[in-house]
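# Generate a structure from the sequence data that follows.
(one chain, ligands or ions: 2)
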Amino acid sequence: MDKSPQELVKLRHHIHQHPELSNEEVKTAALIYEKLEALNPDELYKNIGGVGLAAVFNGDEPGPGILFRSELDALPIDETIDIPYRSKVKGVSHKCGHDGHMAIIYGLAREIATNRPKRGRVIILYQPAEETGDGARAIVADPQYPLIKPDYAFALHNLPGNPVGQVMVKAGPFNCASRGMIINLTGYTAHAAYPETGNSPALALADLLQDFPKIADGIEKDELLMTTTIHAIMGEPALGIAPADATFMVNLRSESNEGMEMLVNAARELAEKTAKKYDLRLNIDWTEVFDASQNDPECVDQVVKAATATGHDVKMLEEPFRWAEDFGAISASAKGAMFAFGAGEGRPQIHNSDYDFPDELIEKGKSIFFEIYKNYLL
Ligand SMILES: [Zn+2]
Ligand SMILES: [Zn+2]
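Numbers count the residues shown, from 1 in each chain. Ligands and ions are numbered 1, 2, ... in the order given. From the prediction side, this is the model:
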């Protein structure tokens, strides 16, 4: 087996060239499965929460279960940089750096395979569909999850705009909860000359546009609560017809799951009130539901200790990140911590079409996770 750092870089580049969208990561999962199998883990699971995978290495003595997570999915973004390992799939690319996370976690598994735990067990988890927010929840809901359920769970996310290898972490709320709301209003079309014979959703849409940004002001909870208007459309571009249909899309964001529940209730009430006022039919769909991610203080201490021991700069955050990450579903089933990992200043942001995960982070990320593993299980 090639055990060089270069093999991990090659693995990332290979994955980068063959990206797959959320819940379609079949080939990526098959590749990782094969590589994990070659490491001779004590237990190996597939098809967890979709195409999720887990390799388990057991110690001889009793001890805690420690889980490390990577994501498998790429994004529906056309890559706009010319790199030798450019995405071969038009319109799909690894713009969130999950290719790098996969290489880090595989490197960790490879190192654990030759330094097996003395006690407890370590679980190497590859989850699908992080970008849509349903992967981690599907893992936890899977009937196989009790077989791999950890006591402690760890994950990182690369974060450009910060010094390479800087570890950014905090106890308590770490990532926001987020959820998409799609409101459909239906009235009745009319001839443009006789709009009074129909029922247009135009004024209702105008109310929603004005009132949704103010929802959080009416909620008494001391945390960040946001509603961001995303999309609004009505009728057809046909000048002879007064419209019947309108669609309004908004993103809700909060620091805690309780805050999200309050936002959701307020948003639903506002939509119902508005539909009623204008006598329109209302349909509400929810999508891309991410739980808030809470970091356990003990796990944060482990991250800080491991990052410091491996020579990484640590920055303690005061505020949680506004972005959402579905790891919260896994850490809620155990104790857990996620940290952001600086991917270099002056770089494009994740989800930008010219972003590329820096290879130098692979060994760095691996070393921090291995240190956490060592502290718990060796
Ligand atoms: Zn992403
Ligand atoms: Zn991501």
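
# Mind listing what's buried along the helix or strand containing Ala136?
Following DSSP states H and E, one finds Ala136 within helix 135-141. Within helix 135-141, the residues scored as buried using 16 or more other C-beta atoms under 10 Å are 135-140. From N, CA and C alone the C-beta is placed, and that goes for glycine too.

# With stretch 234-252 instead?
Neighbour-count burial for stretch 234-252, counted by 16+ other C-beta under 10 Å, picks out 234-235, 241-252.

# Repeat that for stretch 357-376.
Neighbour count says stretch 357-376 has 357-359, 361-374, 376 buried, by 16+ other C-beta under 10 Å.

# who's in contact with the helix holding Ala136?
Residues from elsewhere that reach helix 135-141, judged by C-beta atoms under 8 Å, 6 or more residues apart in numbering: 22-23, 48-50, 52, 69, 71-73, 125, 127-130, 145, 289, 291, 326-330, 332-333.

# tell me the mean pLDDT for it?
What helix 135-141 shows for mean pLDDT is 97.

# Which secondary structure elements does the next helix or strand after that helix sit against?
Note on helix 135-141: by DSSP H and E, the next helix or strand toward the C-terminus is helix 145-148. Packing partners of helix 145-148 (3 or more C-beta pairs under 8 Å, 6 or more residues apart in numbering; DSSP states H and E): strand 43-48.

# how distant is the very next helix or strand once past the strand it packs on from the center of its chain?
Next along the chain after strand 43-48, taking DSSP H and E as the criterion, comes strand 52-58. From the chain centre to the centre of strand 52-58 is a distance of 21 Å (C-alpha atoms, centre = their mean, to the nearest Å).

# Show the subsequent helix or strand relative to strand 52-58.
Counting by DSSP H and E, the element after strand 52-58 in chain order, helix or strand, is strand 61-71.

# how many degrees apart are the host helix or strand of Arg110 and strand 52-58 in direction?
Using DSSP H and E, Arg110 maps to helix 98-113. Calculated by axes from the mean of the first three to the mean of the last three C-alpha atoms, to 10 degrees, helix 98-113 forms an angle of 20 degrees with strand 52-58.

# thinking again about what came up before, just the buried subset of the contacts of helix 135-141, please.
With neighbours counted using 16+ other C-beta under 10 Å, the contacts of helix 135-141 contain these buried positions: 22-23, 48-50, 52, 69, 71-73, 125, 127-130, 145, 289, 291, 326-330, 332-333.

# those helices in this protein, which residues are they?
Using DSSP state H, the helices found in the chain span residues 5-17, 26-37, 98-113, 135-141, 145-148, 202-211, 257-277, 297-309, 328-331, 360-377.

# Out of those helices, which gets nearest to Thr227?
helix 257-277 (6.9 Å; C-beta to C-beta).

# list the helices and strands that closest one packs on?
Using 3+ C-beta pairs under 8 Å, 6+ apart, helix 257-277 is in contact with strand 177-186, helix 202-211, strand 225-234, strand 245-254, strand 281-290.

# Turn those into a markdown table, including distance to Ala153.
Converted to a markdown table, these look like this (distance: least, C-beta to C-beta, whole Å):
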| stretch | distance to Ala153 |
| --- | --- |
| strand 177-186 | 18 |
| helix 202-211 | 39 |
| strand 225-234 | 27 |
| strand 245-254 | 22 |
| strand 281-290 | 16 |
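
# Make TSV out of those and add distance to Glu79 and mean pLDDT.
Listed next are these as TSV, based on distance: least, C-beta to C-beta, whole Å; pLDDT from 0 to 100:
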stretch	distance to Glu79	mean pLDDT
strand 177-186	25	97
helix 202-211	35	98
strand 225-234	24	97
strand 245-254	25	97
strand 281-290	23	96
